[in-house]
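Trainee: from the sequence below, what's the structure:
(4 chains)
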There are 2 protein chains.
Amino acid sequence: MSGRAVTISEVAKHAGVAVSTVSYVLSGKRTISADTRRRVLDSINALGYHPNAGARALASRRSNVIALVLPLRAGMHVPVLMRFASAVVTAARRFDHDVLLLTADEGTAGIRRVAASALVDALVLMDVELDDRRVPLLRELAEPSVLIGFPAEPAGLTCVDLDFAAAGARCVEHLAERGHDEIALLGAPSVVYERGTGFARRTREGFVEAVDAHGLKGVALACEETFDEVYETVRDLLLDQPGLSGLVVHNEAAVGHVLAALRQLDRRVPHDVAVVAICPDDVAERASPPLTSVLIPAEEVGREAVRLVMDKLEGRVVPDSTLLTPQLAVRAST
Amino acid sequence: MSGRAVTISEVAKHAGVAVSTVSYVLSGKRTISADTRRRVLDSINALGYHPNAGARALASRRSNVIALVLPLRAGMHVPVLMRFASAVVTAARRFDHDVLLLTADEGTAGIRRVAASALVDALVLMDVELDDRRVPLLRELAEPSVLIGFPAEPAGLTCVDLDFAAAGARCVEHLAERGHDEIALLGAPSVVYERGTGFARRTREGFVEAVDAHGLKGVALACEETFDEVYETVRDLLLDQPGLSGLVVHNEAAVGHVLAALRQLDRRVPHDVAVVAICPDDVAERASPPLTSVLIPAEEVGREAVRLVMDKLEGRVVPDSTLLTPQLAVRAST
DNA sequence: GCCGGTCGTCGAAGCGCTTCGACACTCTCC
DNA sequence: GGAGAGTGTCGAAGCGCTTCGACGACCGGC
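Mentor: A predicted model of the protein is given here:
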């Protein structure tokens, strides 16, 4: 590991073959006899050879690195982000790629830079807004990209996300099945709606449509994330609608506060008020009582995004839009 | 952006100079006349030139990328991690470096791979354990590295972290100044202590020593992260020690539950029980009441880690150990 | 027994950049 | 006015890899 690194020509010499033969053993792009392959592989192990990434990128015009562009803004719940990121890294490794981390701080300049310098072969962007400044840039880039989330105008892009409208609707159905006919949605902080983040709006739309379809009484509210604000929201909601018996919470940071507020207001879950959350499984399981929830399949979304971007790199045609079907896990809160 | 990228020789031709001159304009490693520099810079802008990262890495033996190795394990509070990560990216960009994200999934193999392939110039590792498998590897690597956190045997490594022992002590002092003489520490989940994660233990040591030094009565407990477990812990604590009037909480995920539990147990904060937290500022501010806290200076730690690793890359000598002094912010909870 | 067709391997030409030595100038100073 | 010391620029040699065309060796088919 110390000193100068082993190069392909040292491996070639050690194995008694040409440099190109070693390269072909590694890439598999030409047939190599079993015997030669063995010798080369043995030499590689013996010398501890690792191909130089820069040289490889230069010669092959492929860096085997993809960019992951993360937002880091108010109102985003960070643990979910992290799980996406982790899933993307793991999935990328499975395709023999590494992940370069970009934050939105640098704005579009960062994306342009890593693409133009051939530092990355492709991009995965998270937390896309309805009107996202980065979208026009992606359209003009030669490098393929995949968005996690949907902008307002997704034509010509490749987007993947949980089907939040279906998730909102699924929660309503579940509450309807349980006989609740007066329900409410506590959603993201109002700033998130104002910014036009797609998933928050789509959940709300799914909720509202399903409420109508089932002939329920339902209201959708924004929900801030401090205990005091949550408490007030819940208290006012119960005052306004004494008959309310079902709650859909789509706000990870607030879900604990909602339960605490209900406790303080002497409402038992699920006896007085049933609660369904849209949140990662671990949050739902850790709550007390454990929450019936539509899980946010971070791993699956991340994996799918990487799969799509790899397909595009290989020149395969991929669908513009990939919506993952929500799964409801029933627990003690309904 | 589409089609073949602009190369340095096209820039050179456009500006009417040699390729090497363009390179020297960009790197500043030789003096270039103001006039030539201008012409070259103009050509670069006119053509939209971005140096090819692979070629640059190959020729200069520097990739201008650092690896950020993140753990993704139970008991780590993820938002803090994310803030570290974000700080590292931002700081790295300031040194004209990018950040490659590695998760601990791949274990030491990933570290070895990116180092040996010259994909990265240096490494920053987060959440180091007392007995960390990655540490021996780092010692034999030619690439410089910086750890965020301290292993049991930090000799010969470069480590940076908040001075958690001082943080624990600072909380005790603050409570002592306020006249509390019977206090407790609610720390990390027990699994974290068992794993031997340094920061949790060091906080506890600082707490215990300061308690002794001030002649207080104090107990240090592990603290799980579900509401029910927290509630039981707090309830039992108050039963055992009716005179207890001060609490130090070093567990971000549990801090909200602790406050909720105290509310349910009819203890007013700070009137009956004063609470000091060790957590990021935003968590402390969002709590109700807002918490007096020692903030976890994620940004500062990340920035410092990058500064150290850049110093090492430049061949400068850096201190083995960098401990950041804790800052206490007094808020409504004490 | 000769021809065409794989199969397995080699050598060499880049990929786009950095860096080293060389060289032509222009100053400065005695 | 010439030696010595900078300046500013150039050309060329790599950096370590991939990939293309070439070319023996070997195969089966007529």
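
Trainee: from now on I want contacts and neighbour counts done on CA atoms only, so please keep to that.
Mentor: Will do.

Trainee: could you look up the SS state of the residue nearest to the spatial centre of chain A?
Mentor: Taking C-alpha atoms, centre = their mean, the centroid of chain A lies closest to residue A:84, which sits 4.1 Å from it. Assigned with DSSP: H, G, I helix; E, B strand; the rest coil, residue A:84 falls in the helix class.

Trainee: quick one: it from residue B:7, how far?
Mentor: To residue B:7, residue A:84 is 35 Å away according to C-alpha to C-alpha, to the nearest Å.

Trainee: for residue A:65, give me its contacts.
Mentor: Residue A:65 makes contacts with A:97-100, A:119-122, as judged by C-alpha atoms under 8 Å, 6 or more residues apart in numbering or on different chains.

Trainee: which positions in stretch A:96-107 come out as buried?
Mentor: A:97-105 (16 or more other C-alpha atoms under 10 Å in any protein chain shown).

Trainee: near chain B, which residues of the stretch 201-334 of chain A?
Mentor: Contact residues (C-alpha under 8 Å from any C-alpha of the partner chain) of the stretch 201-334 of chain A with chain B: A:225-228, A:260, A:264, A:286-288.

Trainee: show the pLDDT at the closest residue to DNA strand D within the stretch 151-300 of chain A.
Mentor: Closest approach of the stretch 151-300 of chain A to DNA strand D (C-alpha to the nearest atom of the strand) occurs at residue A:158, with a separation of 25.8 Å. On pLDDT, residue A:158 comes in at 96.

Trainee: give me the neighbour count for it.
Mentor: For residue A:158, the neighbour count with other C-alpha atoms under 10 Å in any protein chain shown is 23.

Trainee: rewinding a little: tell me how far the residue nearest to the centre of chain A lies from residue A:200.
Mentor: Residue A:84 is 17 Å from residue A:200, by C-alpha to C-alpha.

Trainee: returning to that earlier point: pLDDT, secondary structure and distance to chain B for the contacts of residue A:65 - can I get that in TSV?
Mentor: Putting those into TSV (pLDDT from 0 to 100; DSSP: H, G, I helix; E, B strand; the rest coil; distance: C-alpha to the nearest C-alpha, whole Å) gives the following:
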residue	pLDDT	secondary structure	distance to chain B
A:97	97	coil	11
A:98	97	strand	7
A:99	97	strand	6
A:100	97	strand	4
A:119	97	coil	5
A:120	97	coil	9
A:121	97	coil	12
A:122	97	strand	13
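
Trainee: closest one of those to residue A:277?
Mentor: Sorting those by distance to residue A:277 puts residue A:99 at the head of the list, at 31.5 Å, by C-alpha to C-alpha.

Trainee: my guess is that closest one contacts residue B:98, does it?
Mentor: No: if you go by C-alpha atoms under 8 Å, residue A:99 and residue B:98 don't touch, sitting 10.8 Å apart.

Trainee: what residues does chain A have near DNA strand C?
Mentor: A:16-21, A:30-33, A:35-37, A:55, A:58-59 (C-alpha under 7 Å from any atom of the strand).

Trainee: so where is the stretch 1-150 of chain A shaky, pLDDT-wise?
Mentor: Low-confidence segments of the stretch 1-150 of chain A (pLDDT under 70): A:1-3, A:72-79.

Trainee: what about the helices in it?
Mentor: Counting by DSSP state H, counting those that start in this stretch, the stretch 1-150 of chain A has helices at residues A:8-15, A:19-27, A:34-47, A:53-60, A:78-94, A:107-116, A:134-140.

Trainee: can you list the buried residues in the shortest one?
Mentor: The neighbour-count check on helix A:134-140 (16+ other C-alpha under 10 Å) flags A:134-135, A:138 as buried.

Trainee: chain center to that helix, what's the gap?
Mentor: The chain centre lies 20 Å from the centre of helix A:134-140; the measure is C-alpha atoms, centre = their mean, to the nearest Å.

Trainee: for that helix, packing partners?
Mentor: Packing contacts for helix A:134-140, counted by 3 or more C-alpha pairs under 8 Å, 6 or more residues apart in numbering or on different chains; DSSP states H and E, involve helix A:107-116.

Trainee: can the helix it packs on be found next to chain B?
Mentor: Yes: judged by C-alpha under 8 Å from any C-alpha, helix A:107-116 comes into contact with chain B at A:113, A:116.

Trainee: quick one: contacts of that helix?
Mentor: Here helix A:107-116 makes contact (C-alpha under 8 Å, 6+ apart) with A:67, A:102, A:120-122, A:133-134, A:137, A:141, A:143, B:1, B:5, B:50, B:52.

Trainee: quick one: secondary structure of residue A:184?
Mentor: Following three-state DSSP, residue A:184 is assigned to strand.

Trainee: returning to that earlier point: ok, so of the buried residues of helix A:134-140, who is nearest DNA strand D?
Mentor: Nearest member of those to DNA strand D, counting by C-alpha to the nearest atom of the strand, is residue A:138, at 25.0 Å.

Trainee: does the closest one touch residue A:145 like I think?
Mentor: Yes: between residue A:138 and residue A:145 there is a contact under C-alpha under 8 Å: 7.0 Å.

Trainee: please work out the average pLDDT along stretch A:242-262.
Mentor: For stretch A:242-262, mean pLDDT rounds to 92.
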